[in-house]
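Peer 1: Model the following, please.
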Amino acid sequence: MPNESVAVVQKLWNYCNVLRDDGVSYGDYVEQLTYLLFLKMADEQTRSPFNRPSGIPQGLGWQSLLKKDGDALEVHYRHVLETLGKEKGMLGVIFRKSQNRIQDPAKLRRLIELINDETWVGLDIDVKGEIYEGLLQKNAEDIKSGAGQYFTPRPLIKAIVAVMRPQPKMTIYDPACGTGGFLLAAHDYISRNYQLDRDQKTFLKLHTLRGKDIVDNVVRLCVMNLYLHGIGGDETPIEVGDSLVADLGDRFDMVLTNPPFGKKSSITIVNGGGKANRESLIYERQDFWATTSNKQLNFVQHVKTLSKINGKVAIVVPDNVLFEGGAGETVRRKLLHECDVHTLLRLPTGLFYAQGVKANVLFFDRKPASEKPWTDKLWIYDLRTNMKFTLKTNPMRYEDLSDFIKCYSPENRFARKEGERFRAFTYDELLHRDKVSLDIFWLKDESLEDSENLPAPDILARDIAENLEAALEQFNRIYEDLGEE
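Peer 2: Model (predicted):
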């Protein structure tokens with residue numbers, strides 16, 4: 001990140017630490033920053049050299065905040081947030097359900113002054129984006145806030161986009177978009193790697209990117225992130241909602257996503273006595289191959305539906321998607337037959353803010369209906385065995401993925417060659433594995449020779465619990481089927 005960006009991030013973040021002493025969390029701070037940055041930038045765009053008409057209703061813009069102080073400022077700021085939340089388009093999404101979390105008017109005034117000291121629109125778009133990304137990353141690093149579950153490591157996103165190679169006039173979708181990392185990386189890749197004409201630039205700004213996320217505050221951050229990068233028009237490209245509920249009907253050239261970790265989708269039901277119970281959600285969809293409460297398997301089925309014929313998919317999945325029986329086996333069999341499942345990247349632990357997560361990136365192309373299976377070979381790159389990364393002391397860099405990108409051979413993936421960490425497995429070999437498991441490894445794991453390097457007891461216990469849950473779900477299905485018969 002350029003020094004200019006680092007300095008601004010640090011300046012804003014230092015003030016966050018002051019607010020945190022007042023009980024304002026990192027997440028709330030970034031959220032408040034979102035509102036205020038938007039109002040400041042909208043104000044700047046009404047001035048020279050831009051001279052654009054303001055999309056902010058009169059009396060609710062940045063200048064109205066500068067004119068007030070004390071309790072009057074706090075009351076007016078609350079009014080601004082509430083009123084703008086009722087507007088249409090991107091403005092309404094950014095301020096939807098917004099609330100002032102900074103109760104001390106003096107501290108609110110100080111934050112407004114800090115933002116007012118910078119000229120945001122005058123900064124290079126990349127610098128603005130990096131400032132915002134820097135704040136998001138600091139927010140994600142605060143593990144207690146839980147924000148990290150929405151933050152995919154940027155080097156991994158960049159590597160995935162590099163091998164997927166999005167092109168001008170493509171439509172790109174993320175059904176679990178979080179703060180917009182995949183969408184922005186795809187936008188950046190297209191902008192940097194192609195000489196775009198006016199029509200292509202307009203399409204990239206208004207029509208290329210779309211996304212959805214179930215969490216209001218995350219969608220707000222994503223829309224603001226897109227806005228800072230100059231993406232979007234009168235209509236917001238990002239929706240709030242549960243992606244898995246239904247087939248939205250649209251089809252896309254490319255789907256890039258990292259659905260939230262955790263196997264089950266659930267809702268909380270409060271009974272008459274006030275007792276809350278969490279119940280697993282079962283999505284009954286005709287386009288799904290299997291009905292299951294495992295949301296990871298549901299996302300795999302969902303992204304297949306979202307893809308156009310010959311559309312490309314890259315999805316981050318936990319290990320259970322690769323080996324789980326029952327619905328998992330059904331989904332893998334169907335996926336291998338109906339799509340060209342060509343690449344699997346086994347990721348090391350220590351990448352994500354959810355500790356101990358074992359994840360992979362599955363790459364496949366959707367294909368037209370055929371009696372013959374579309375998958376010929378699944379190429380697996382093992383970046384996990386004997387690889388050690390941590391979030392702070394040894395984070396994964398883009399360079400750590402350079403060998404994977406080279407082996408993937410994005411310019412012609414039919415010219416691949418096997419290596420120490422890169423092996424190919426034929427369709428027949430995969431079908432003959434127990435439960436059609438794709439959980440394949442061949443390198444000698446040096447950590448297994450030393451019991452001190454075993455995972456922490458809580459991680460082992462969680463893995464055991466998840467496997468037992470999966471087995472119990474299968475037994476319940478068998479029990480229900482027998483009951484119906």
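
Peer 1: which stretches of the stretch 201-350 of the chain aren't confidently modelled?
Peer 2: Within the stretch 201-350 of the chain, the segments meeting pLDDT under 70 span 228, 262-280.

Peer 1: domain assignment for the chain?
Peer 2: Listed by automatic domain parsing, the domain ranges of the chain are 3-125, 146-263+294-454.

Peer 1: which one of these has the most crowded surroundings?
Peer 2: Sort the domains of the chain by mean neighbour count, taking mean count of other CB atoms under 10 Å, and domain 146-263+294-454 sits at the top with a mean of 18. (Glycine included, C-beta is placed from N, CA and C.)

Peer 1: if we can go back for a sec, in JSON lines, list the domains of the chain along with distance to residue 286.
Peer 2: Listed next are the domains of the chain as JSON lines, based on distance: least, CB to CB, whole Å:
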{"stretch": "domain 3-125", "distance to residue 286": "30"}
{"stretch": "domain 146-263+294-454", "distance to residue 286": "8"}
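
Peer 1: Check the ones you listed for me: which has the lowest mean pLDDT.
Peer 2: Between the domains of the chain, the one with the least mean pLDDT is domain 3-125; it has a mean of 83.

Peer 1: residue boundaries of the helices in the stretch 101-250 of the chain?
Peer 2: Remark: helices assigned in the stretch 101-250 of the chain by DSSP state H, counting those that start in this stretch are 105-116, 125-141, 154-164, 181-193, 198-206, 216-228.

Peer 1: possible to save those helices as TSV with distance to residue 441?
Peer 2: Output for those, formatted as TSV (distance: least, CB to CB, whole Å):
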stretch	distance to residue 441
helix 105-116	50
helix 125-141	29
helix 154-164	19
helix 181-193	27
helix 198-206	40
helix 216-228	33
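
Peer 1: Which one of those lies nearest to residue 418?
Peer 2: Smallest distance to residue 418 across the helices of the stretch 101-250 of the chain (CB to CB): 17.4 Å, for helix 154-164.

Peer 1: report the angle between the axes of that closest one and helix 181-193?
Peer 2: Relative orientation of helix 154-164 and helix 181-193, computed by axes from the mean of the first three to the mean of the last three CA atoms, to 10 degrees: 60 degrees.

Peer 1: elements contacting helix 154-164?
Peer 2: Judged by 3 or more CB pairs under 8 Å, 6 or more residues apart in numbering; DSSP states H and E, helix 154-164 is in contact with helix 181-193, strand 252-257, strand 307-318, strand 359-366, helix 402-408.

Peer 1: Same list, these, but as a markdown table with distance to residue 232 please.
Peer 2: Output for the helices and strands packed on helix 154-164, formatted as a markdown table (distance: least, CB to CB, whole Å):
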| stretch | distance to residue 232 |
| --- | --- |
| helix 181-193 | 10 |
| strand 252-257 | 17 |
| strand 307-318 | 22 |
| strand 359-366 | 27 |
| helix 402-408 | 30 |
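
Peer 1: Might you report the residue contacts of residue 53?
Peer 2: residue 46 (CB atoms under 8 Å, 6 or more residues apart in numbering).

Peer 1: did I read that right, it in a helix?
Peer 2: No - Residue 53: not assigned to a helix; according to DSSP: H, G, I helix; E, B strand; the rest coil it is coil.

Peer 1: Relative to residue 42, how far out is it?
Peer 2: Computed as CB to CB, to the nearest Å, the residue 53 to residue 42 distance reads 10 Å.

Peer 1: Could I get the contacting residues of residue 255?
Peer 2: When contacts are counted by CB under 8 Å, 6+ apart, residue 255 touches 172-175, 303, 306-307, 311-315.

Peer 1: Let me have the residues you listed in a markdown table, adding distance to residue 362 as columns.
Peer 2: Putting the contacts of residue 255 into a markdown table (distance: CB to CB, whole Å) gives the following:
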| residue | distance to residue 362 |
| --- | --- |
| 172 | 17 |
| 173 | 16 |
| 174 | 15 |
| 175 | 15 |
| 303 | 9 |
| 306 | 14 |
| 307 | 13 |
| 311 | 14 |
| 312 | 12 |
| 313 | 8 |
| 314 | 7 |
| 315 | 5 |
